[in-house]
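# give me the fold of what follows.
(2 chains)
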Amino acid sequence: MSSSRLLVTASPHLRGPASTPKIMWNVVGSLVPVVATAGYFFGFGALLVIAAATLGALLTEMVFGSKGSLGDGSAAITGLLLGLTLPPGFPLWMSFLGGVVAIAFGKLIFGGLGQNMFNPALLGRAFLQAAFPVAITTWPTGEEGWWNLSPTQASLPLMGAEVDTVTGATPLGLWKFERIATDAVDLLTGAIGGSAGETSAVVITICGGYLALRNFLNWRIPAGIFLTVFVLSGALWLIDAGRYPSPVFMLFSGGLMLGAWFMATDMVTSPVTSRGCWIFGAGIGALVVLIRNWGGLPEGVMYAILLMNAMVPYLNQWTQPRVFGTRLGEAAS
Amino acid sequence: MASRRRTFRHGVHPPELKELTEKEAIRRMPFPDEVVLPLSQHTGAPAKPIVSEGDRVERGDKVAAADGFISSPVHASASGTVAGIDLWPHPDGTYKPAVRIAVDRYSAQAPRPRIVPRWEGLSPQEIVQAVQEAGVVGLGGAAFPTHVKLSPPPDTELDAVIINGCECEPYLTTDHHIMAEYPERVHMGLRIMMHTLGVERAMIGIEKNKPDAIEAIRATLPSDLNVTVHPLTVKYPQGAEKMLIKALLGREVPSGKLPMHVGAIVQNVGSCAAIAEVFDTGLPLIERIVTVTGLGVENPSNLIVPVGTKVGELIGACGGLTEDAHEIVFGGPMMGAPQSSLDTPILKGVTGVIVLAKQETKTKESYNCIRCGHCLDACPVFLNPQLLGMMARADRYEEMEEHHIWDCMLCGCCSYVCPSNIPLSQLFQVSRTALQRLKARSAA
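Predicted coordinates:
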């Protein structure tokens, strides 16, 4: 072998096993059981909603994203997560549009992977909530068969199809408007109304826990959210159990589980420092309690996460680590 | 003491990969046909040559003298004739002046008879002088002149000599075998250091993955000295001075300061044995132990190598390169320097030669930073590599200085963990060079 064939690269010459596509595809993989649970409880229609959102996200990434960026898996995550936040009988074209908006305006407009400030899936959902407020709060009644699709689901874009006036109820809606609490066992297993991904807290926790164990998400964020929600809602519940729901209900209802494990932990839109992650989680938890109890909407996880996303640059700045051999916050001499 | 966790915070766990040479006893390689002795093999001013072309030198003769106090002389590592003093490929990637010696064939390579002083009778100043004259430098990689470490400013209060036997870099087994095969040398060097510095206490830190070295060092522990052996958690970079002091003494060396500011002196086991050599055989530092390893070399070995041996000849002594040899690195894989020529000589500070085969060098694709924060959790000096990397790419060098870029040890932990494969430590090295240039320009 001659000298001219020697490779010269910078150290370190060993690289760890982690890679960005590996992290992303692991998240996709851990969402599969969540999607399957949605299909089990809500029927084929829920799977179609998720598929439409994912298709919208993937196609947008393929057309407008940089070359080969589909392979990093982040667009698939956005699509799946968006689909999971939508009602199972949601019109498919709206779901598809949500996926397009999530990727195009949630991520690509900032410069693609790693550049966006807000969670793209939640941005897509916020858009849908503003554009189609009725459709996004129309829940299936739970009496349809597995294969039966609601007539509105296949409606054509902008045709103003007749809205299905029969709507089911979500545990949070029941509590907010009728003060009816849902059984904790149903919350844990997922036999409840709501968005496609607001089903089994147990399945979501197992999938999220797997990611935390592999260090593919920062466990401090869900821990901070759960602790804050539990403590704050527990305090309120002790003050007036008739007005405020129990902390267990708060933890396991609505999108809190999905949001805490899969959306707040989006690496790109959460703080890089450990202390920042604790504050970030606590902030989301506090906002969720605030919005659910005193806000106009029954659910507040989406806005809580989006608001805290906006705080991330400050959190990073405020929680810079203490450099070895210096006091906290000391600048280099 | 024993209950405290013996390590530091953060760091990484790369694969150890030491099994290639772990069981290989140290052996001596044959003398090469030519040795190349760069004048700059140490931190500090390059040595000044005192021989000229055609001069005859014996093994151990001085060929270049130290230029000032923070400098170190260079000695002939083989008997022969000076073939020239000219520019030659240096391991740092540049060409630097070097004394080339055409080595005698069929020579016994016997050094001149010499008087070996008994160190017990020497004053600290005389020992420091003898160590400098012998050209002893740190053998752990940085090659800082050892005699400078042995002569701290008079107002320094030292309470511990720390011997660094961590060898936390993957692949390398040099220090491991020095401790396992020459433990008495290490203890003798330690004794001389403690005498010179007037320090009563010494600690030897060894990572737990070298049980035979710990055993050998413990078995030969001198009973009349206050020396303790400390098995340490296996974690990179446990062998970094600041990390080792933190693990053993629980003290943090202040930013920008030296270990002596917290009362400690750290010396690598190899350098310790080299000090002993000076007062044992009287020979200066003309050879060292090098681990030659990696899947790209036929017979991975731990060899005694004359300083100045070309890396090509050294690899030849280990059976040569394999078919798929791809990259040659001096030092460990985490901080080592890649080599572009097989003519590059082995310096005093080269701990190992790693020949990586093609499958060990597979380059990975780079992605945008996804702000996962893994680099912050890896950095042993608690920097924010994510932010620093972003600044480096935007040429915001002055801001990097405010964010402690000079505290970076370039250990490579951040690059190791980065899932997006961003070359962070390389960016930091480049930024520091750019900063130095900026400063030089503003000073001019």
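# ranges for the strands of the stretch 51-200 of chain B?
Assigned by DSSP state E, counting those that start in this stretch, the strands in the stretch 51-200 of chain B fall at B:56-57, B:62-65, B:74-75, B:80-89, B:95-103, B:160-165.
# check the stretch 251-400 of chain B too.
Assigned by DSSP E, counting those that start in this stretch, the strands in the stretch 251-400 of chain B fall at B:264-268, B:287-293, B:301-306, B:325-330, B:337-339, B:352-357.
# which other helices and strands does the fifth one contact?
Think strand B:337-339. Of the remaining helices and strands, those touching strand B:337-339 by 3 or more Cβ pairs under 8 Å, 6 or more residues apart in numbering or on different chains; DSSP states H and E are strand B:325-330. Yep, even glycine has a C-beta here, placed from its N, CA and C like the rest.
# run the contact check for the strand it packs on versus chain A.
Yes: Strand B:325-330 lies within reach of chain A by Cβ under 8 Å from any Cβ of the partner chain, at B:A325, B:H326, B:E327, B:I328, B:V329.
# circling back to that earlier point, would you list the strands of the stretch 251-400 of chain B in a markdown table and tack on distance to B:R393, mean pLDDT and mean neighbour count?
Converted to a markdown table, the strands of the stretch 251-400 of chain B look like this (distance: least, Cβ to Cβ, whole Å; pLDDT from 0 to 100; neighbours: other Cβ atoms under 10 Å in any protein chain shown):
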| stretch | distance to B:R393 | mean pLDDT | mean neighbour count |
| --- | --- | --- | --- |
| strand B:264-268 | 34 | 95 | 25 |
| strand B:287-293 | 34 | 96 | 26 |
| strand B:301-306 | 40 | 96 | 22 |
| strand B:325-330 | 25 | 93 | 24 |
| strand B:337-339 | 22 | 93 | 21 |
| strand B:352-357 | 27 | 94 | 26 |
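# right, so of the ones you listed, which gets closest to B:P91?
Closest to B:P91 of the strands of the stretch 251-400 of chain B is strand B:325-330 (Cβ to Cβ; 4.9 Å).
# could you say what helices and strands the closest one packs with?
Against strand B:325-330 (3+ Cβ pairs under 8 Å, 6+ apart) you get helix B:311-316, strand B:337-339, strand B:352-357.
# quick one: contacts of it?
A:1, A:6-9, A:11, A:13, B:91, B:294, B:296-297, B:311, B:315, B:336-339, B:342, B:344, B:346, B:350, B:352-358, B:360-361 (Cβ atoms under 8 Å, 6 or more residues apart in numbering or on different chains).
# that one pairs with which strands, parallel or anti?
Here strand B:325-330 is paired, per DSSP bridges, with strand B:337-339 (antiparallel), strand B:352-357 (antiparallel).
# OK, contacts around B:P380?
A:F324, B:F8, B:R9, B:H10, B:G11, B:P237, B:A240, B:K242, B:M243, B:M409, B:C411, B:C413.
# please enumerate the helices of the stretch 201-350 of chain B.
B:211-219, B:241-249, B:269-280, B:311-316 (DSSP state H, counting those that start in this stretch).
# which residue packs closest to B:H374, ignoring adjacent ones?
B:V417 (4.5 Å; Cβ to Cβ, 6 or more residues apart in numbering or on different chains).
# show me which residues of the stretch 201-333 of chain A sit near chain B.
A:215, A:218, A:267-268, A:270-274, A:277, A:316, A:320-326, A:330-333.
# give the buried subset of the residues you listed as a ChimeraX selection command.
Selection of the buried residues among those in ChimeraX, burial being defined by 16 or more other Cβ atoms under 10 Å in any protein chain shown:
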select /A:218,267,268,270,271,272,273,277,316,320,321,323,324,325,326
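# helices - which of the residues of the stretch 201-333 of chain A next to chain B land there?
Judged by DSSP state H, those include A:S274, A:C277, A:N316 as members of helices.
# so how far is chain B from A:D186?
From A:D186 over to chain B the distance is 36 Å, taken as Cβ to the nearest Cβ, to the nearest Å.
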